[in-house]
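Student: Predicted coordinates and the sequence they were generated for:
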Amino acid sequence: MVMEAKSHRRSLRALDWLNVFMSDVQTGIGPYLAIYLMATRHWDPAHIGLAMSAMGIASVVAQTPAGALTDRLRQKRWMIVAAAVVVAIGCLWIVTSPALAGVIAAQALIGSTATIFPTAVAAITLGLVGPSQLAERMGRNGACNHAGTVGGAILAGLIGYYIAQEGIFYLVIAMSGGTILAVLLIREEDIDHDLARGARTQDGAAHIAGLGQLVADRRIAIFALAAVLFHFANAAMLPLVGELLSTGHDQGSSLYMSACIIVAQIVMIPVATWAGRVAGARGRKPVLLLGFLVLPVRGVLYTLSGNPYFLVSVQILDGMGAGIFGVLSVLVVADLTRGTGRFNLTNGAISTAIGIGAALSNAISGMLVQYAGYRGAFLTLAGIAALAAFWFGLVMPETQGNSTTVQGNVPG
């Protein structure tokens with residue numbers, strides 16, 4: 001028994017490191033790709049836009065299939081290994097063969113494969129700790145993930161400034177190696193794969209629900225709509241802030257944008273830990289409602305001043321909202337799908353809807369700025385965020401302690 005407990009603790013420590021390394025792998029080279037293509041390869045903005053959008057489109061398309069695959073396969077650790085290898089190959093491909101078609105193909109490959117990371121890690125976490133400890137553990141996952149993002153951003157900035165922009169690609173490749181090592185240190189025997197897909201009922205039996213019965217659960221639909229509205233309001237805010245920062249601050253705009261990202265990520269570290277603990281003790285809804293409420297406040301604050309220091313400071317609220325939502329959204333889905341065996345599929349489907357909402361946000365915000373200015377765009381997004389908070393607060397029930405088991409076994 002002592003040896004088993006120690007082995008389980010080793011798996012949980014490896015899960016910490018997996019979240020740290022994974023944070024810099026699941027997005028590939030991310031926003032640094034645009035800088036590399038423009039500054040080093042001298043691409044024009046139109047081609048850069050194509051390359052950047054390829055990953056986002058592929059991610060949206062792959063979210064739901066990745067969730068279904070995670071539910072079905074028991075080799076979740078090896079799914080992460082395969083995804084990390086693909087991301088590393090994609091980064092190496094881009095830096096060694098930076099032709100337009102090759103970069104777009106690599107970005108699409110990275111985007112479709114990287115969707116495996118969050119869903120597989122959520123499944124492994126649930127399979128390791130079970131529903132009763134999931135809230136606190138997801139908070140810890142989030143804190144480790146955001147800490148890894150901050151560390152990766154600092155390293156990427158230093159490498160890109162002092163060595164070469166290409167060095168950032170090799171940093172992601174190294175992080176892919178760390179991801180593989182960390183996930184393989186998680187003991188396979190410590191993972192309950194029925195728990196990992198939400199298939200355990202209250203009496204401990206394994207159960208797989210029919211898809212039609214999940215679709216009929218109005219609580220899932222209510223939460224999905226709230227999440228889509230939240231991300232529709234949220235996704236365009238930081239890019240619009242970036243445009244404001246570049247107005248009259250050309251030389252320092254990149255520095256201010258980096259400060260916006262780092263400030264938000266630093267705030268997310270304690271917020272994610274706090275959100276997990278409080279959600280486990282007091283319920284999901286009040287904590288998640290707080291995350292919804294800070295977003296309209298943030299949107300309104302952006303209209304009060306164009307001072308770069310003020311705009312960066314408002315990112316504290318971004319850290320609060322995103323830190324809470326990142327932890328609580330997984331908990332709510334786990335609550336709603338407990339005893340159905342469809343946790344990862346549902347999580348992936350909601351992520352797909354969120355991705356579509358975020359993409360529409362960025363597309364529509366440009367038109368809002370053109371016709372109503374930045375103030376009008378921010379106020380419109382704040383209004384949508386307020387609608388999301390109102391919908392969630394008024395209609396969404398508390399999900400903690402959900403004991404509903406969807407009846408009717410079907411093959412998994």
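Tutor: Done, it's in.

Student: Break down the stretch 151-300 of the chain into its helices, ranges please.
Tutor: Ranges of helices in the stretch 151-300 of the chain, per DSSP state H, counting those that start in this stretch, are 166-184, 193-196, 211-215, 218-235, 237-246, 253-282, 284-301.

Student: Can you say which of those helices is nearest to residue 31?
Tutor: Of all the helices of the stretch 151-300 of the chain, it is helix 253-282 that lies closest to residue 31, at 8.3 Å by CB to CB. Any C-beta I mention is one placed from the backbone N, CA and C, and that applies to glycine too.

Student: Could you quantify the relative orientation of the closest one and helix 237-246 as an angle?
Tutor: With axes from the mean of the first three to the mean of the last three CA atoms, to 10 degrees defining the directions, helix 253-282 sits at 150 degrees from helix 237-246.

Student: Can you list the neighbours in contact with stretch 16-27?
Tutor: Contacting residues not belonging to stretch 16-27 are listed as 80, 84, 87, 114, 117-118, 121, 140-142, 144-149, 151-152, 156, 171-172, 175-176, 178-179, 182-183, 185-186 [CB atoms under 8 Å, 6 or more residues apart in numbering].

Student: So which of the helices of the stretch 151-300 of the chain is nearest residue 391?
Tutor: Closest to residue 391 of those, according to CB to CB: helix 218-235, at 5.3 Å.

Student: What are the buried residues along the closest one?
Tutor: Neighbour counts over helix 218-235 (16 or more other CB atoms under 10 Å) mark 219-220, 222-235 as buried.

Student: one step back: just put the helices of the stretch 151-300 of the chain in JSON lines and tack on mean pLDDT and distance to residue 332.
Tutor: Below are the helices of the stretch 151-300 of the chain laid out as JSON lines (pLDDT from 0 to 100; distance: least, CB to CB, whole Å):
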{"stretch": "helix 166-184", "mean pLDDT": "94", "distance to residue 332": "25"}
{"stretch": "helix 193-196", "mean pLDDT": "90", "distance to residue 332": "17"}
{"stretch": "helix 211-215", "mean pLDDT": "79", "distance to residue 332": "14"}
{"stretch": "helix 218-235", "mean pLDDT": "94", "distance to residue 332": "6"}
{"stretch": "helix 237-246", "mean pLDDT": "80", "distance to residue 332": "23"}
{"stretch": "helix 253-282", "mean pLDDT": "86", "distance to residue 332": "9"}
{"stretch": "helix 284-301", "mean pLDDT": "96", "distance to residue 332": "5"}
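
Student: List only buried entries from the contacts of stretch 16-27.
Tutor: The neighbour count (16+ other CB under 10 Å) marks 80, 84, 87, 114, 117-118, 121, 140-142, 144-149, 151-152, 156, 171-172, 175-176, 178-179, 182-183, 186 as buried among the contacts of stretch 16-27.

Student: Out of the residues you listed, name the ones that lie in strands.
Tutor: Among the buried ones among the contacts of stretch 16-27, no member is found in strands (DSSP state E).

Student: Show me the shaky parts of this structure.
Tutor: Filtered on pLDDT under 70, the chain yields the residue ranges 1-7, 201-207, 246-255, 402-412.

Student: tell me how far stretch 305-322 is from the chain's mean position?
Tutor: Taking the mean of its C-alpha atoms, stretch 305-322 sits 20 Å from the chain's own mean (CA atoms, centre = their mean, to the nearest Å).

Student: again, but for stretch 79-89
Tutor: With CA atoms, centre = their mean as the basis, stretch 79-89 stands 18 Å off its chain's centre.

Student: Same check on stretch 96-103?
Tutor: Taking mean C-alpha positions (CA atoms, centre = their mean), stretch 96-103 and its chain are 27 Å apart.

Student: Extract the C-alpha trace of it and format it as CSV.
Tutor: Extracted as CSV, the C-alpha positions of stretch 96-103 are listed here (Å, rounded to 0.1, in the frame of the first residue of the first chain):
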residue,chain,number,x,y,z
THR,A,96,14.1,24.3,-42.5
SER,A,97,11.7,24.6,-45.4
PRO,A,98,9.8,27.9,-45.0
ALA,A,99,7.9,27.8,-48.3
LEU,A,100,4.3,29.0,-48.1
ALA,A,101,2.7,25.6,-48.8
GLY,A,102,5.0,23.9,-46.4
VAL,A,103,4.4,26.3,-43.6
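
Student: Other residues contacting that stretch?
Tutor: Residues outside stretch 96-103 that contact it (CB under 8 Å, 6+ apart) are 37, 41, 43, 47, 50, 51, 93, 94.

Student: If we use 10 Å, what do you get?
Tutor: With contacts defined as CB atoms under 10 Å, 6 or more residues apart in numbering, stretch 96-103 is touched by 33, 36-37, 40-41, 43, 47-48, 50-52, 54, 90, 93-95, 105-106, 166, 169.

Student: For ChimeraX, write the select line for the buried members of those.
Tutor: Selection of buried members from the contacts of stretch 96-103 for ChimeraX, criterion 16+ other CB under 10 Å:
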select :33,36,37,43,48,51,52,54,90,93,94,95,105,106,166,169
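
Student: Okay, residue 360 and residue 256: tell me how far apart.
Tutor: Plainly put, residue 360 is 26 Å away from residue 256 if you go by CB to CB, to the nearest Å.

Student: With residue 193 instead?
Tutor: 46 Å.

Student: contacting residues for the closest residue to residue 167 other than its chain neighbours?
Tutor: Once flanking residues are discounted, residue 167 sits nearest to residue 159: 4.0 Å by CB to CB, 6 or more residues apart in numbering. By CB under 10 Å, 6+ apart, the residues touching residue 159 are 32, 165, 166, 167, 168, 169, 170, 171.

Student: start to end distance for stretch 199-212?
Tutor: One end of stretch 199-212 sits 16 Å from the other (CA to CA, to the nearest Å).

Student: let me fix that: stretch 93-103
Tutor: Start and end residues of stretch 93-103 are separated by 8 Å (CA to CA).

Student: list the buried ones in that stretch?
Tutor: Residues of stretch 93-103 classed as buried by neighbour count (16+ other CB under 10 Å): 93, 94, 95, 98, 103.

Student: What about these, which are in helices?
Tutor: When these are checked against helices (DSSP state H), the matches are 93, 94, 95, 103.

Student: Can you tell me which of those is closest to residue 265?
Tutor: Among these, and counting by CB to CB, the member closest to residue 265 is residue 94, at 24.2 Å.

Student: what's the spacing between the residue nearest to the closest one when sequence neighbours are not counted and residue 95?
Tutor: Distance criterion CB to CB, 6+ apart; nearest residue to residue 94, sequence neighbours excluded, is residue 106 at 4.9 Å. Look at residue 106 and residue 95: by CB to CB, they are 10 Å apart.

Student: Before I go, just wanted to say thanks for your time.
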